[in-house]
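Participant: the amino acid sequence is not available; the structure is as follows:
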């Protein structure tokens, strides 16, 4: 069974998903949906599929078995509902929505209709992250005690992006939150977060932060630290350290090449880090789509569900509340 | 001018200070004070100095210019007071005391008498830590944004030690707290700490924790993360990472040798870490004593003062309060 | 234009080339040739192509534009000749042959017929090796002074393989020799090699060695060192270091994953090295085929020619002569 | 018993030995000998000892138990003879002499008089080198198969130094030769060396080389590679790799500090290497003197003897012969 896929949206992420769908084993790209046809036409031409201008039109095509939603966040819930009602499977970019009430609506529809659904928490599918989780699961660190996640972007986004991002925690930390819950297998009982504006004053002027530290306490007592920055001049810094009764495993950053350079200017430098998520997580986007397609073909639930998405959002909102109130927050799931 | 030194106490730390005093440039070991003569005699014999059985007796010797206090914490304040009143300089092991009220008394006496004083925050004098601070001061990371300190002991102490330690934060985290304030040049406005008992249930039974994460927010917005564990099976894990607008500097752990071993069992392993603080911070104890002696000879204040000790204790107690109340604490200095 | 490919041989390397040909952009696998049909059938079924039982039969198919020769070394020259006379392009596994006279015959036929030809020196296409050569070409080490190549197999081959291998230099060092000439852009004026039998006495009983060091002196004065062993218990050790007036670049070994593991048994070990050439050079085989196909489509000479193969064999035979005579040899090309 | 020491010579190396002698446990610096008093006076003043203007004068002082010879190479043999005849122990800088005949004279006198003697092959006493040899001795690499030594100076010496150096092999490679023999416990049966002039044409004009590769074949079949360069723009590059049936151990270069710096200009650079031998081998000079003093006090032979020095010179001269004749040389010891 080959899964026919329509990709909704053709922005930066839509391009990735469409290209991956076009070459994924067991899948077939059927169409690209964009109300503004001109924006999608070059990608559609590149991949040899038609542009459709509405979800209705896309879903009227019986060749479409599944939809990947890469449209603006505010449209996710309606498109999920529409696709679920049309009996098609859904993969959706994170976040589901910025409001828990709307997320609940999406969850309800998905569960009521029994729609196969996967949230695009692609970082779970990064080979390094997956290997670290497998090592933790295999007991390589004994009983897990502490987990530390460092996630720093190379440079801050435009202020327009920040304004509609839902805040630093819901926009960016949510990835680390999901990984923390996925690796530990737990949801936090206490959340503390604090943030500063040290990168771009315009971000602070919006009431948001660009430098943040988060602590999660898990029911088992496992402690989680997350640190984020909107600017790391040396590139996209993505590291995880899992520490336990039997030792420690750490993921390494990825460079553009694996040469070690030793010159008069600086001893033993490596090439720059992979620039940003499109480069760093290129493989993980492809692996995430593979997981979605495989789950559909094997009629099983995929790795990252709507519940995972809702949980991560609850925690991100608790971080935001902790930051703005200066209090420790006990999230309610 | 050679500084004549009497070392008060001859336990684990007393041995280090006495041996260092015996060979430090500009200093001379004069006596070792221990009310239980038998305990001090072997060390005194090794170093060719007499044992004296009381502070009075030690201070009655005009050859004694300075005292290094390495006795149990509960005796620090009285011995500081006695030595200060006798007109001698004091170097004292951390912590000054576990109660702020008593620390204040020691601070008052020291300031009233104008006694030259140095708190033994020896980690400041570790070559790697000192190089990191110098790099931060020199602007190598641009404006500092985040500081992360990892400090994990190889194995938990006996429960008797834990009982009188003043709690994990006042006993152990206090070193990281001092370094954080010293490297950032700031005192925190907000403190959050959380702890778990994941290593030894006996520690939890005492109401203490053995696994902890601390967040400090500095007035400038700089964020500090500290993580501590009473057990790292791979050895004494001591790392610092300073991150800023211009990049990052990190200290490396120290191994027993610098060989890289590559065998069938595991690729590219290094020798074990230096076991614990006596080995890892051997150089820093010596450098700290050098600083004390140099400061006395140059009639200037040494690097780590009684105020630094008081500030670190205030923060450690705020950590303890945060852990036990589950609230963010604003320390008052 | 899509290049139709017939793969001659279906052994270990034939499987790689056939699978790569089946998915390479711009290419199409047409058939697998093996006189023993049963040996090739599973691979052919996997890839959905027919087995043919002779070169004649394969070449009678007009859909075949090019042939990849992965049969035993002794058959290479005849198959090259036959394919060239049939007007098809050839990619051939190394070595061309073990006798210069027969290599010359192949070279003559290829040049007389103007047949597009590529020798499968796949290591040139390894991303790390290619990046190192690019760095040298770009002047990152200034003027090149010394080049060192370490190539150690995980375990010795069966003695039957050794017997027909042509000796350690022609079988294995030839890869390093080709890389040395390719990276330096020169052919050596002096060759010295020495070998020992330290791994498997059966190899020594055949008059061959399993541990070897080779020195090449280039016309420019650049010095090249190659060291080889038939056994590295920690895995397939493949490293290159280029040193020059402006610094040094080094390639790193590749591990099964990029986790750093820190346990009580050994500090900071990494996962084992990729086991052997099938794993380590997986990408380079694919990239080599891409180069072959691209060169055919762009009607240009591919990167590694029959002359490169002949030169490498001349040097390998000079190494063997140096080892057995104990003299420095000046190779004649 | 405290060993009274007179240091002959007060140049770059004399300064090191004199300062080390002044603080070594079990030793006492008695005098500094230099026929040109003015050259030695500042050092003598620094260390509080007298200058003497001749060997006779130095040896007439009964407080002198041992002499460290740091004068020009051409004077070594006479001073050894004179000191041995005067019944004092000798530590001598390398090389003993550049002519085997004169070395033999020194060896004969030393053995005839039974004079305790140590050649200053200080690199044996470097902690990393010593740890590597200990690991090899302990069987950490199983049976040794190959040994590789990289030794590259930061910058070429003045041409006047080169002229009287005895050639690159006798001047510099001799250190690596000694380590190779010491680590393997063998003397080579075959020597091959080749050199180029790629750094300074003035060196080539003297008939010498500045870039060299050496191969030693040991009786057991162990193969040794040495590479040398008079210029490494990134600093004093000193690495050893021992490879055997059970794995590999490697020494690491030493940096000015252990910070890892990550900036926009280059990822993960370290501080520069320790500049040259005075900095890099500072500890090894002190440890070598400790060994000399300990051996005298314990009435045993020190680690590096006159025979070791003679053997290393024979091999270095064989390297020079191999380089200039283009032939493999079998050294005769």
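Facilitator: Happy to help now that I have it. All of these numbers come straight from a predicted model, not from anything done at the bench.
Participant: so what's the residue of the stretch 1-150 of chain A found nearest chain D closest to, chain neighbours aside?
Facilitator: Closest residue of the stretch 1-150 of chain A to chain D, C-beta to the nearest C-beta: residue A:150 (11.9 Å). The C-beta positions use only the backbone N, C-alpha and C, and glycine is treated the same way. Leaving out its chain neighbours, the residue that sits closest to residue A:150 by C-beta to C-beta, 6 or more residues apart in numbering or on different chains is residue A:239, at 4.5 Å.
Participant: would you confirm that that neighbour contacts residue A:252?
Facilitator: Yes: judged on C-beta atoms under 8 Å, residue A:239 makes contact with residue A:252 at a distance of 7.3 Å.
Participant: for the residue nearest to residue A:221 when sequence neighbours are not counted, give the beta-bridge partners.
Facilitator: Distances taken as C-beta to C-beta, 6+ apart place residue B:196 nearest to residue A:221, at 3.3 Å, with adjacent residues excluded. Assessed by DSSP bridges, residue B:196 has beta-bridge partners residue B:211.
Participant: check contacts around residue B:196.
Facilitator: A:145, A:217, A:221-223, B:209-212 (C-beta atoms under 8 Å, 6 or more residues apart in numbering or on different chains).
Participant: now for the residues you listed: which two are most distant?
Facilitator: Largest separation among those by C-beta to C-beta: A:217 and B:210, giving 14.6 Å.
Participant: these two - which one has more neighbours?
Facilitator: residue B:210 (26 against 22; other C-beta atoms under 10 Å in any protein chain shown).
Participant: which parts of chain A are strands?
Facilitator: A:3-8, A:27-33, A:51-52, A:66-69, A:89-92, A:117-119, A:144-152, A:190-196, A:211-217, A:223-229, A:237-244, A:247-251, A:260-263, A:269-270 (DSSP state E).
Participant: ok, and what's touching the first one?
Facilitator: When you say that, I think you mean strand A:3-8. So strand A:3-8 is in contact with A:14, A:17-18, A:21, A:26-34, A:52, A:55, A:58-59, A:61, A:63-71, A:79, A:89, A:293, A:296-297, going by C-beta under 8 Å, 6+ apart.
Participant: do the second one as well
Facilitator: Residues external to strand A:27-33 that are found in contact with it (C-beta under 8 Å, 6+ apart): A:2-10, A:14, A:18, A:21-22, A:40, A:43-44, A:47, A:49-55, A:57-58, A:61, A:63-64, A:289, A:293.
Participant: follow-up on the earlier one: which among the contacts of residue B:196 end up buried?
Facilitator: A:145, A:217, A:221-223, B:209-212 (16 or more other C-beta atoms under 10 Å in any protein chain shown).
Participant: can I get these in a markdown table with pLDDT?
Facilitator: Formatted as a markdown table, these follow (pLDDT from 0 to 100):
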| residue | pLDDT |
| --- | --- |
| A:145 | 98 |
| A:217 | 98 |
| A:221 | 98 |
| A:222 | 98 |
| A:223 | 98 |
| B:209 | 98 |
| B:210 | 98 |
| B:211 | 98 |
| B:212 | 98 |
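Participant: spell out which residues of the stretch 151-300 of chain A are next to chain B.
Facilitator: Neighbours of chain B within the stretch 151-300 of chain A, by C-beta under 8 Å from any C-beta of the partner chain: A:152, A:190, A:192, A:194-199, A:211-213, A:215, A:217, A:221-223, A:225, A:227, A:229, A:231-234, A:237, A:243, A:245-248.
Participant: for the residue nearest to residue A:150, the count of nearby residues, please.
Facilitator: By the measure other C-beta under 10 Å, the count of residues near residue A:239 is 15.
Participant: again, but for residue A:86
Facilitator: For residue A:86, using other C-beta under 10 Å, the count is 17.
Participant: can you check the one 10 residues further on too?
Facilitator: Look at residue A:96: counted by other C-beta under 10 Å, it has 28 neighbours.
Participant: same check, this time on residue A:139
Facilitator: Residue crowding around residue A:139 was assessed by other C-beta under 10 Å; the count is 12.
Participant: equivalent analysis for the one 3 residues further on, please.
Facilitator: Other residues near residue A:142 number 17, with proximity taken as other C-beta under 10 Å.
Participant: give the contact list for it.
Facilitator: Neighbours of residue A:142 in contact, by C-beta under 8 Å, 6+ apart: A:244-247, B:233.
Participant: redo that, cut-off 6 Å
Facilitator: For residue A:142, the contact set (C-beta atoms under 6 Å, 6 or more residues apart in numbering or on different chains) comprises A:244-246.
Participant: of those, list those near chain C.
Facilitator: Applying C-beta under 6 Å from any C-beta of the partner chain to these, one finds that nothing falls near chain C.
Participant: please name the nearest non-neighbouring residue to residue A:330.
Facilitator: Excluding the flanking residues, the one nearest residue A:330 by C-beta to C-beta, 6+ apart is residue A:190, at 5.8 Å.
Participant: now the one you found: how far from chain C?
Facilitator: Distance, residue A:190 to chain C, using C-beta to the nearest C-beta, to the nearest Å: 28 Å.
Participant: what do you get for residue A:115?
Facilitator: 33 Å.
Participant: tell me the pLDDT of that residue.
Facilitator: On pLDDT, residue A:115 comes in at 97.
Participant: tell me, how many residues neighbour it?
Facilitator: The number of residues packed near residue A:115 is 20, by other C-beta under 10 Å.
Participant: contact partners for it?
Facilitator: Shown in contact with residue A:115 (C-beta under 6 Å, 6+ apart): residue A:84.
Participant: buried ones in stretch A:284-301, by neighbour count?
Facilitator: A:284-296.
Participant: how about stretch A:234-243?
Facilitator: Buried-residue list, stretch A:234-243, by 16+ other C-beta under 10 Å: A:234-238, A:240-243.
Participant: again, but for stretch A:194-205
Facilitator: Going by neighbour count (16+ other C-beta under 10 Å), the buried part of stretch A:194-205 is A:194-200, A:203-204.
Participant: can you tell me which residue is nearest the centre of chain A?
Facilitator: residue A:121 (3.5 Å; C-alpha atoms, centre = their mean).
Participant: residue A:304 is in contact with that one, correct?
Facilitator: Yes: at 4.3 Å, residue A:121 counts as touching residue A:304 under the criterion of C-beta atoms under 6 Å.
Participant: I'd like to know how many residues surround the residue nearest to residue A:330.
Facilitator: Using other C-beta under 10 Å, residue A:190 has 18 other residues around it.
Participant: what are the ranges of the helices in chain A?
Facilitator: Taking DSSP state H, the helices of chain A run over residues A:12-23, A:37-47, A:55-59, A:76-85, A:100-113, A:127-137, A:159-163, A:168, A:174-184, A:201-205, A:277-280, A:282-297, A:306-325.
Participant: among the ones you listed, which is nearest chain C?
Facilitator: Of all these, it is helix A:127-137 that lies closest to chain C, at 4.3 Å by C-beta to the nearest C-beta.
Participant: mind giving me the packing neighbours of that closest one?
Facilitator: strand A:247-251 (3 or more C-beta pairs under 6 Å, 6 or more residues apart in numbering or on different chains; DSSP states H and E).
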